[in-house]
Each structure stands twice: as C-alpha cells, then as structure tokens.
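Trainee: Everything below, folded, please.
(chains A and B)
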Number of protein chains: 2
Amino acid sequence: MAVVVDTTNSPYAVHRGLPVDAVVLDDPVLAPRVRINRATTLPGQFKHLEETGRLNNFRRVAGLFDGPFEGIYFNDSDVYKWLEAVSWALAAEDDPDLAEMADAVITLIEGAQHADGYVNTYFSMERAGERWSNLRDLHELYCAGHLIQAAVAHHRATGSTRLLDVATCFADLIGDTFGPASEGKREESDGHEEIELALIELFRATGEDKYLETAQFFIDVRGQGRVSGRDYHQDATPLRQQDAMVGHAVRAVYLNAGAADLVAETGDVSLRDALDRMWTTMTTRRMHVSGGIGARWEGEAFGGDYELPNARAYTETCAAIGSIMWSWRMLLLSDADDTRYADLIEWTLYNAVLPGFSLDGASYFYQNPLADDGAHRRQPWFGCACCPPNVARLLASLPGFLATVTSARAGESDSTHDTVWLHLFAEGKATIQLPGGGVVTLRQTTRYPWDGAVEITVESVEDAGAFTLNVRIPAWAEGATGNATGDVNGDALPRGETAPGQYAAISRVWQPGDTVRLTLPMEPRRLVAHPAVEEDTGRVALARGPLLYCVEGADNAANVPDLILPDDAAITADERPDLLGGAVVLTADASMASPEPAWSGRLYRPLTEVEPSNAQPVQLTAIPYHLWANRDSAPMRVWLRRG
Amino acid sequence: MAVVVDTTNSPYAVHRGLPVDAVVLDDPVLAPRVRINRATTLPGQFKHLEETGRLNNFRRVAGLFDGPFEGIYFNDSDVYKWLEAVSWALAAEDDPDLAEMADAVITLIEGAQHADGYVNTYFSMERAGERWSNLRDLHELYCAGHLIQAAVAHHRATGSTRLLDVATCFADLIGDTFGPASEGKREESDGHEEIELALIELFRATGEDKYLETAQFFIDVRGQGRVSGRDYHQDATPLRQQDAMVGHAVRAVYLNAGAADLVAETGDVSLRDALDRMWTTMTTRRMHVSGGIGARWEGEAFGGDYELPNARAYTETCAAIGSIMWSWRMLLLSDADDTRYADLIEWTLYNAVLPGFSLDGASYFYQNPLADDGAHRRQPWFGCACCPPNVARLLASLPGFLATVTSARAGESDSTHDTVWLHLFAEGKATIQLPGGGVVTLRQTTRYPWDGAVEITVESVEDAGAFTLNVRIPAWAEGATGNATGDVNGDALPRGETAPGQYAAISRVWQPGDTVRLTLPMEPRRLVAHPAVEEDTGRVALARGPLLYCVEGADNAANVPDLILPDDAAITADERPDLLGGAVVLTADASMASPEPAWSGRLYRPLTEVEPSNAQPVQLTAIPYHLWANRDSAPMRVWLRRG
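Mentor: Prediction:
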C-alpha cells in the first residue's frame, strides 16, 4: 500500500490518497514524463550520483573508499531523494534494474550509519566532532528528513524494513537529542525544514508516537529565534501567528507541509487557521501566474505582496514541488467541496513543475523565469542538485495524486456512504479501494489536457453499494466563454453540479459500464494580473484548459519581445502532432512594433519625441509553457503586450 | 591645491579640475547639503565610528585598548572614507574641530601601522598570520586603497605628510608583494577594486612611478581568473575585452575609474576604447532613470540589458557615487565638446546620490528603489556602512566638480588660448586659475535647479588675455518644448551655440562685468523608457530641468499606486517654499483607478471578467525624487501609469 502521504489512521484527515500502483496514467502529457522518468531520469541520476562522488561519500564512511569528501555538505540528501523516487517507481511497477540500484545504495547507507544511529557523510570521519554544530546553515536535520522520507517510501513500496531500520535508529537519536529544554534536550531546529513532515510520515509508518512528538517539537520551536530569528528561515514569527509566506520558498512550503501533516494528526486549530491564511495570501499575492513561487533570486525567497518579476522570477522547481506537497496535505485535511487545492496542484504541476525539466528527461531548470531572451537553458545536473531528484520523486509518485477517497462525513445519515474524489483528468485507469470495503475500477477516456471531453467509465465494482463520485470542475473553467457540462449515462447533470470550482457530486449504486461524460470548456483564455502586479501592467497571458501558454522564438517570425496581442484578436487552437511530442498551439493575428530607430543608443526619451507605434501585422503562435526551451535557444515570453 | 582628481601632470588628460576651495556654492539644493555635511554628518559619523568600535580597532592594534576586534573585516575603510571626507571639508574651509578629529584619527592609524608598513586592524593581533590569505573575499587591498585615498586628500588639503607617510610606506609593501610572477611577486588582486585608482592618485601626489606601475599591474591582472574568475569580481573577462558592465556595481565602477586614471597617465588606447564601450552600454542599457546603477539585489550587481526593476531596484548609493567618480575621469580625458559626462554627473548627483541621505544629513539609504510602499526608510548607520562616509566624501569634494580648465588643443593656432568649462549650474562663485597663468573669478547668479535662468558674470580677470568660456547646454534641454537661449552682454548667442548636448563656446578678451545669460527650458518633461524595459511598459516618469520627480503619498489624496497620468494632462510647476526646505512641485489633473472589488482575493483573472476602469478624477502632485522619504512613511512611485 504505497500511499504517498498516508492518512489512513490520521484522525483529523478527511481524505485518503491512493497507492501509487492503483493508478495507471496514459495521457499525452503526464504519462510520457512518468515513463521517461523511469527509463531515463532515474538511471541517469544514479550515474550522476556516482560520478559526482555522492555515493563515494557513503562508501568512504563505510570504509570502502579512500578519498576526500566530495561536493556540498547536503549532498547526501540528493541520494535520499533519488532513493525515494526509485521507491515510488518500484511501487508502481517492478523494475529489477532500479531495485538493484536501490538495494546497493541502501547497503551503502547502512554501512555509513554510526553505532548511535547517526548518518551524515559530511559530518563523519574528520568532521565527526562537528556534528550538530551549525544547525542553521549545514542542513543536518534536512538530510536526516530526506533519509526518513526515502525509508518510508521504500518500506511502503517494497515491504522491506532495511532502510526503515536505519531511519528509525537515526530518528531515535534525533528525538533523544532535540526537544524541550525541560527534558534536558536541545531546544533548536534546522535552518532548512524537512525533518518535520518526514518524522510524521515515520510515525505513520511505524505507529511510534515519539516521532510525532519530535515533529511537533520542531514545528513549535520555530519562529522563536532559536534558528536564526530571520524570516529567511521562517524563524522570525511562530507559525501560528504568521499570515504571509516569507523567506526561502522551498523551506517555507516544506515547513507548512509538515505543519499540515501535524494538523492531520492533532487537529490543532490555530495551526490550521494559520495554514489557511498563508495558503490564501500566497495564492492571492505571492504566486506567479505559472503557479511558481519564490519571486526573488536573493535568498531564493518569497517577495513582497504582488512582487512578481518575469525575467527575474526565481520560481525554483523545488518550490513548485513543495507547493504541491503542501496543497496535497491541505486537500487531505479539507472537508469542503471546493476545488481550490486540486486546482492549484494541477496548475502547478503542468505549469511550474513540468517546465522544470526537458522532454528527454535529462536536463533541468533550477529557476523558471516567465520571460527570457534565450540565455536560460536547462542543465544536466547542478552542484546544488536539489531539483533533479525532487522532480524524479514527484513524477514517480504522480499516479497517487489522481484521486482520493473519503468516508461519509460526520452528521451524514448514511455512514456507509463512501466518496471517490477525482482530482485530475488523464487517460488511464484507477483501482480504488473504498473506505467501506468495496473496490471500484474507473477508466478515464480523454485526450485531456488537449481536449476537454472526459469520459469516466466504471469498469468494475465489487462490494460497493451506493457511493458518490465527486468529479472536479476546475475553477479555471469559469474563465472560458463556455461552461462545463456533463451527463451520467446520457442524463445531463444539473447545471449547478458543473459549476466551476466545486466537485460535481454523483451518487448512485454504480454498475459496470456506467459512464460520466464531462465537457470542459477549452476556449483559449486571456489572463490579466491584479493591478498591483506592476510587472504585468498592460499585458496578458494566454491559457487553455489547465495549461499556461508562452510565445517562443522558434514558432514566431516576429521578434518575440516586440509582439503585441490586440485584445480583440481571435485566438485559434490547433493540434500540432509533430510539435514537441504533440501539442495544441494557439495562434492569433497580432502585431509587432520594433523600437523605432530613434531609440538607438537611448534608454530614456521625452514622450514628445517618441513616434507613434509602427506596428506591423504578424502571426503569433503560442505553445504550452511547459514545453519551452526544448528547441534552440530563443526569446520567450509568458506575458504579452496588449494592443 | 586640493584637487580631487589631480591631472595637472597627466599627459593624456585634457581637463584639470579645480581645487575644492576655488568654488563656493550657494544654490538652494546642493549648498545646504554641503553645509549640513560639514555641520552634522561629519561629526555624527565620527561618533558612529567611535561607538561602533571602528576607532577602538585601531587603538587595539596601537596598544591603547584591550578588547576584541569589533564589526566587519572591512570596517577600517569607513574610517578612511570619513577621513577623506574631512580632508576635503578642511580644504574648502578651516574647521578646527574637524581638524582635531582628523589628527586624532591619523594618530591612531599611525599607531596601528606595523613595522613593515602594513595597516589593517582586522588582520593584526590574533589574525596577523592571515594577512593576504583571502584576497577575494576580505577586502584587504580595498581597505588599503581607501587609506591611500584619504592620505592623498589629507595631504592635498592640509599639506601635512603624516598620513601620506603611512600610505606610502604601506603602498611600498603592497608594491613589493604584488606584481608580475616574473619579478617573484604574487600575481593576484583584491575581490573589491579600489586600490587601482588610489595608487594612481598616490603616484600623482608623490611623483613615484612605482605606484603607477603597481596600479597598472592590478588593472592588467584582472579578468584572468586570478581573483575568482567570476563576473561578480570583474574577473571573468580582461577589461580591455569587456563590452558591458557586469557584477557588483560598486566594484565595477571603481575599477573603471581607476582604469580611466591609468589612461590619463599612459594613453592606453585599447583600455580607453573599452571604457568608452562600457560607459555607452551602461548608460543605454543598464542604468535606471535616476542614474542609479546596479539593478539586482543578488550580488548588488548590474543586471542584464534593460533589466531595470523599480521596487526592487538595488541602485546602491555607493554605486551612484562610483558612477560619478568614473564619469568625472572620463570627462577629464575627453577632448570632445559634447556634454555626456557632465550631463550624467549632474543627473546622477541630483537623482541617485542626493536621494541616498536625508535632508537632515543624519540617515542614509543603501538601496534607492524607484517605487516603494512605505517600508523602505533611511537608517542612521549600517553594519556594512559603506554608503554614509561615501556620501560625505562626495559632498565635501563637490565644489571641485563645478568646472574644469583646458589648454588650447593641439593643432589650434593660438596655443595660449585657455578654456574654462562650466559643467554645473549653481549660485556661487569660482576662482579659476587658467593653465596659461591668468586668474578669472566667475559668479553664477541663478535659482537653478528650480529656475532655468543662469547669469554668469566675470567678477575679475587677471593676466588672462583672450580665453574661451565653454558653458554646458545640458542634453536634457532637448526634451523640453522650448530651447535653450543665451546672450553675452545682451548680444544673443547664435542658436547653434545653445544646442543641447554641447558646450556653448564664447571666446573673447573678458572684462570684469561681462555677463553671459543663459535660459534653460524648464517645462516639465514626460520620460518614457526604451520598449525593452518591460518593467516600465505603459508608464512615464516626470522630470524638470536636471531633476527626476516622484509621487509620494504625503502630497496626494489618492493611493499613489492607483494614480494614472493621462498623456494629454497639462503639468504645472509651482514653487513651494514651505515644502521640504523649498521645492518646485509638479501638479496635474490625473485619475485614480482602484482595483475593482472583484479583484478581492484574486491574483489572476480572465480578461473577459475584468470591468472597464473605474477611474476617478484626482489631482496628482509630484516632488523631486531626491526629496522622497523625508516625511512619514508612504507609498512612492517614479514611474506612473499612463492614461
């Protein structure tokens, strides 16, 4: 039962996720990425781990390699994240080669564990005496957290306890070391969050309360100046008093993901309120149109409200992944039937995570700008290689985000009334265990995200009785000229059921062959930003369905930065099977206005001197943003000048 | 003869500056700042130097204080910059209190000098063994450079050789240590440039060729990867091959100032060509409308071409000062009669340096954003306190930037024909020694920059014969609806003589009472940015004369970010003697459009949902940008939305 975030026994969680192997994706966008992740990315990253000395660092501590420590002090974490990714991949499908690699790496980790449980190849050997000496900067508990997450994943995927044993032994040491001063422990935490959510998953995997308690300690101690006192480390304000997302973006969302996990176990109301506030302020003030977060290069950090630059957007791939991790946990907690969390997960997945790696699965973006002049290119690896294995673990676990199940809500009359919540649309199949004991197999037939027609067919039902199928009607559908419509076995759904931003709830005793048909409006949309986003003044972004679009040089005769899209220009969507593995492109009659010659050698000029625009008609072609930078280097823009 | 950059004997310099004491300023904007610098800033900074342990660090090495080193490893440089500032202040006017402070500090520096000439309080005592161990990061030669600059200034101002002796002794050690490997020296340089220009001024002050040779070595060794290999330190590309300004902005302009000094001594053509290219690309692609430079917070660095954010403009005060230092040296080298260097110096002085400190002379900006929501406030001091004493030394030396003199150019018939170049307009008086031996006293009568009428009267002439007065007609005058006009003793100057962007050349045998009257057009101007500056799309900035304007909350009933200035709205200039020490404000009939209620809780919306603008008429009032943030915290914008 390899569930990514396992809330089976979490008293305050509403939803349960599906095991990774319960879902098979076969859609035209996500599935190829998942496949190439398995076939190319994971073996390729293993090679990088080997070639960059990351594995030798473990061999060294295990006494199998004679040489210096290589790389950065947090390099162990890349090994753990890769191992987590491989675990989810193994959960989805047997793969002897990957399993062998994983076992070999686990052997190295076992060999590098100290007798007292400690594992960190940087703080071993000549630096053994420096253990826990610089929690703020040196990511020691962060690395521990990733080890624990990998162990939980490997255990859930394979049933093996080898890595879990390493993790519990280390977690015991951590729990003995850190905690309330009143217990004689160190009342401190790490500069980079990650240990919090990891310990809660370890609690879920083992049932040991002590891991939950330590996780709670690490969340509660934060914001009291015991790390640094700075927003950068989310240490200036206790989480329960915080309203805004601040500081290093990846750290902030990892912390909040862990806090949401804690709410699922404890029901902590003030913590949950803070998470609600922060999720709202993030999504309404501090998020790029791609769903990317972390506006600033300096500190890889959230900016101020509405500070959302385009070319200098930092929007780290890892932060987008962390945003999905947090939103997924918020979804698991939610008893509302609005689609906000699933909407953001889908949007961020397509438009902030997928752009982070190349179609061939072999190179990565760290930053994901929304405008570029051709210089920003994906790299096969980084010295600080956090993003590549983070992408790999999200992709490997992706099937687990398709749907959730809930039991009847408290107060509802029929306590046996289970609900299946369908969050993502994708050609494929899901075998779903209902809380009440039944099993239902659903097939989606759809060309989504290229097409808005989705057919959901019940292939089989066992022991299920009546249950509800909640089908997400994305909030983005409200921006289109049409409306979502649907039917069940040909009987139209009431219009209120298909209103955007909620789940269409269809309750019945389902029979094999029952079919829900949904048609989502796929008219291209022009998005504008809140007037306070000054970088986007006078600009529009294009979207269609769940996809953000951009304009890239390869498809346009015009110089991309000079393009102007008139507000009244019709936008046409066309399928281009030949393009970048197949895509729907948008075209429009636009214009381009090159800077007039008098701008030559001038940066600022009096308005009275500037000639009226010399705009020339030109065709504009936009591609999905997640496909950019897969061809020769060229300018790209998400936000286009309005005409 | 306290000339700030003394090119008297520089074979390839065309201009010579005036001694600081040759000019008295009495204008309404600069003169009050110079006065408050002397009365408040310099004594106040002395107190900060004392209270923050910067002086104790010297006492400690001198054996007069028992305690730890305090502060940052480059803190000595603040003491030196303050001492340089005091020196120029003493050159302008006797001041026993300041002289006494300076002498006391010099005694401390003498006491902290090692027997071999070395001076650096951080790398003394317990860190003496670490000398020159981390040139890249620890600013050792940077501190040395500021010591040398202070010594030269003190010597020129007072005639004393006390600090100069300290400096030459240290410079000898530096010259023995660093240089070509073929001479058995260390072929390296400092991460932060400053030593280059300092050593050339020391060469000028002492006549010792060896200092020029060491300076040339430090310039030539740069860009070969011997510092870091990175653009941040201007070490990725040799200067002579560089086209663009890159990396840390202050470092980049300090380096180029030193390189321009080198050109003045050696005539190096390839170096001069590189400086010309870089000055052009900086001013046409990488400079904010304020003249501020260094777009990025990360690395306090130049951004890419046209990367010029507003709220997140870094535009460090020190970088603007360094820009003036560089442009002044380019002016000294130039035999052209275009005004580009003086134009940029004036614009940067008013609009990028003056905003960097408060009207009361007691607090400072490190960053100078062009848009702010009220959070950015000046501070009385900084841990990294580079800007405050940098402002002080520029202000103290400011009279020296008013004018220059040149001898007749090669090939001109009359080799006795001297020229006085008047670069800045300001009520006051200048006593000018002509290269041919004569002396002329000029008085400017003007309310510039509030008024465009400037009267230049010859008060006295001695031994001068015929000479030329070159009066700058600023390039900004071409943007106004009027034209500059002028006359000499009532005879109108030909129109070609008063064309913007050149110097009006008036040659005659000048007599006491001769008067040049100049009228510069002071109509308010709307400036627009090059279309590639995406942050300024759909916006205008306001200017009048040499002043950039901004809109600040205190003067406006409307919420400043919501203001819209229609392109056809008339702009009125009005004198407000009561406002911030007296200022001309600009007003216009504008409108404001608050975000419509439907934006509440939304960050991006479909264009089809957005209501037409609900703009309401409102009065807009703009103040000179250099006066912002001298009242209660409130939003400020330089770039206004066009209607």
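Trainee: Could you use CA atoms for every contact and neighbour count after this?
Mentor: OK.
Trainee: Report the contact partners of the residue nearest to A:Asp209 when sequence neighbours are not counted.
Mentor: Using CA to CA, 6 or more residues apart in numbering or on different chains and skipping residues adjacent in sequence, the residue nearest A:Asp209 is A:Phe203, 6.2 Å away. Listed by CA atoms under 8 Å, 6 or more residues apart in numbering or on different chains, the contact set of A:Phe203 reads A:209-212.
Trainee: Equivalent analysis for A:Ala151, please.
Mentor: When contacts are counted by CA under 8 Å, 6+ apart, A:Ala151 is found next to A:84, A:163-164, A:166-167.
Trainee: If we only consider the residues you listed, which is nearest to chain B?
Mentor: Among the contacts of A:Ala151, A:Glu84 lies closest to chain B (CA to the nearest CA), at 32.9 Å.
Trainee: and the helix or strand where that closest one lies, what does it pack onto?
Mentor: A:Glu84 is part of helix A:76-92, with elements assigned from DSSP states H and E. Judged by 3 or more CA pairs under 8 Å, 6 or more residues apart in numbering or on different chains; DSSP states H and E, helix A:76-92 is in contact with helix A:42-51, helix A:54-61, helix A:96-112, helix A:140-158, helix A:387-397.
Trainee: let's see it at 6 Å
Mentor: In terms of contact count using 3 or more CA pairs under 6 Å, 6 or more residues apart in numbering or on different chains; DSSP states H and E, helix A:76-92 is assigned the packing partners helix A:140-158, helix A:387-397.
Trainee: Between helix A:96-112 and that helix, find me the angle.
Mentor: 140 degrees (axes from the mean of the first three to the mean of the last three CA atoms, to 10 degrees).
Trainee: what angle do helix A:76-92 and helix A:42-51 make?
Mentor: Here the directions of helix A:76-92 and helix A:42-51 differ by 150 degrees (the same axes, to 10 degrees).
Trainee: Rounded mean pLDDT for helix A:76-92, please.
Mentor: Mean pLDDT, computed over helix A:76-92, is 98.
Trainee: sorry, back to before: which one of the helices and strands packed on helix A:76-92 lies nearest to A:Arg35?
Mentor: Checking the helices and strands packed on helix A:76-92 against A:Arg35 by CA to CA gives helix A:387-397 as the closest, at 8.8 Å.
Trainee: how far is the helix holding A:Glu84 from where the chain is centred?
Mentor: Its chain's C-alpha centre and that of helix A:76-92 lie 16 Å apart, by CA atoms, centre = their mean, to the nearest Å.
Trainee: Alpha carbons of it, in CSV - could you do that?
Mentor: The C-alpha coordinates for helix A:76-92 follow below in CSV (Å, rounded to 0.1, in the frame of the first residue of the first chain):
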residue,chain,number,x,y,z
ASP,A,76,23.5,13.1,1.0
SER,A,77,20.0,14.5,0.5
ASP,A,78,20.2,14.1,-3.3
VAL,A,79,20.9,10.4,-2.8
TYR,A,80,17.9,10.1,-0.4
LYS,A,81,15.6,11.9,-2.8
TRP,A,82,16.7,9.7,-5.7
LEU,A,83,16.0,6.7,-3.5
GLU,A,84,12.6,7.9,-2.6
ALA,A,85,11.9,8.4,-6.3
VAL,A,86,13.1,4.9,-7.1
SER,A,87,10.9,3.6,-4.3
TRP,A,88,7.7,5.1,-5.8
ALA,A,89,8.7,3.9,-9.2
LEU,A,90,9.1,0.4,-7.8
ALA,A,91,5.7,0.7,-6.1
ALA,A,92,4.1,1.5,-9.5
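Trainee: what does it rub up against?
Mentor: For helix A:76-92, the external contacting residues (CA atoms under 6 Å, 6 or more residues apart in numbering or on different chains) are A:20-21, A:143, A:146-147, A:150, A:153-154, A:157, A:389, A:392-393, A:396-397.
Trainee: Of these, keep whichever come out buried.
Mentor: Listed as buried from the contacts of helix A:76-92 are A:20-21, A:143, A:146-147, A:150, A:153-154, A:157, A:389, A:392-393, A:396-397; burial here means 16 or more other CA atoms under 10 Å in any protein chain shown.
Trainee: Tabulate the residues you listed (TSV), appending pLDDT.
Mentor: Below are the buried ones among the contacts of helix A:76-92 laid out as TSV (pLDDT from 0 to 100):
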residue	pLDDT
A:Val20	97
A:Asp21	96
A:Cys143	98
A:His146	98
A:Leu147	98
A:Ala150	98
A:Ala153	98
A:His154	98
A:Ala157	97
A:Pro389	95
A:Ala392	97
A:Arg393	98
A:Ala396	98
A:Ser397	98
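Trainee: between those, which is nearest A:Trp421?
Mentor: Using CA to CA, the shortest approach to A:Trp421 within those belongs to A:Val20, at 15.7 Å.
Trainee: mind checking how far the nearest residue to that closest one once chain neighbours are set aside is from chain B?
Mentor: If you skip the residues right next to it in sequence, A:Val20 has A:Gly400 as its closest partner in space, 4.5 Å away by CA to CA, 6+ apart. From A:Gly400 across to chain B, the span is 29 Å (CA to the nearest CA, to the nearest Å).
Trainee: CSV for the contacts of A:Ala151, including neighbour count?
Mentor: Converted to CSV, those look like this (neighbours: other CA atoms under 10 Å in any protein chain shown):
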residue, neighbour count
A:Glu84, 30
A:Leu163, 23
A:Leu164, 24
A:Val166, 23
A:Ala167, 28
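Trainee: circling back to that earlier point, gap between whatever helix or strand the residue nearest to A:Asp209 lives in and the chain center?
Mentor: With elements delineated by DSSP H and E, A:Phe203 resides in helix A:195-206, which encompasses its position. The gap between the average C-alpha position of helix A:195-206 and the chain average comes to 19 Å, counting by CA atoms, centre = their mean.
Trainee: Just want the angle from it to helix A:140-158.
Mentor: Using the same axes, to 10 degrees: helix A:195-206 against helix A:140-158 is 30 degrees.
Trainee: Contact residues of the stretch 151-300 of chain A facing chain B?
Mentor: Proximity of the stretch 151-300 of chain A to chain B is confined to A:284, A:298 under the rule CA under 6 Å from any CA of the partner chain.
Trainee: and if we set it to 8 Å?
Mentor: With CA under 8 Å from any CA of the partner chain as the criterion, the stretch 151-300 of chain A comes near chain B at residues A:280, A:283-285, A:289, A:297-298.
Trainee: same check, this time on chain A
Mentor: Residues of chain A found near chain B, taking CA under 8 Å from any CA as the criterion, are A:280, A:283-285, A:289, A:297-298, A:479-480, A:525-532, A:534-538, A:540, A:561, A:595, A:599, A:601-609.
Trainee: Give the buried subset of the residues you listed as a PyMOL selection command.
Mentor: Of those, the buried ones can be selected in PyMOL as follows, counting by 16+ other CA under 10 Å:
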select buried, chain A and resi 280+283+284+285+289+297+298+479+480+525+526+527+528+529+530+531+532+534+535+536+537+538+540+561+595+599+603+604+605+606+607
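Trainee: Which of the residues of chain A next to chain B fall in strands?
Mentor: Among these, DSSP state E puts A:525-529, A:540, A:604-606 in strands.
Trainee: that older thread, mind putting the residues of the stretch 151-300 of chain A next to chain B in JSON lines, pLDDT and distance to B:Ser10 included?
Mentor: What follows is these, written out as JSON lines (pLDDT from 0 to 100; distance: CA to CA, whole Å):
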{"residue": "A:Thr280", "pLDDT": "98", "distance to B:Ser10": "64"}
{"residue": "A:Thr283", "pLDDT": "98", "distance to B:Ser10": "61"}
{"residue": "A:Thr284", "pLDDT": "97", "distance to B:Ser10": "61"}
{"residue": "A:Arg285", "pLDDT": "98", "distance to B:Ser10": "57"}
{"residue": "A:Val289", "pLDDT": "98", "distance to B:Ser10": "57"}
{"residue": "A:Trp297", "pLDDT": "96", "distance to B:Ser10": "44"}
{"residue": "A:Glu298", "pLDDT": "95", "distance to B:Ser10": "43"}
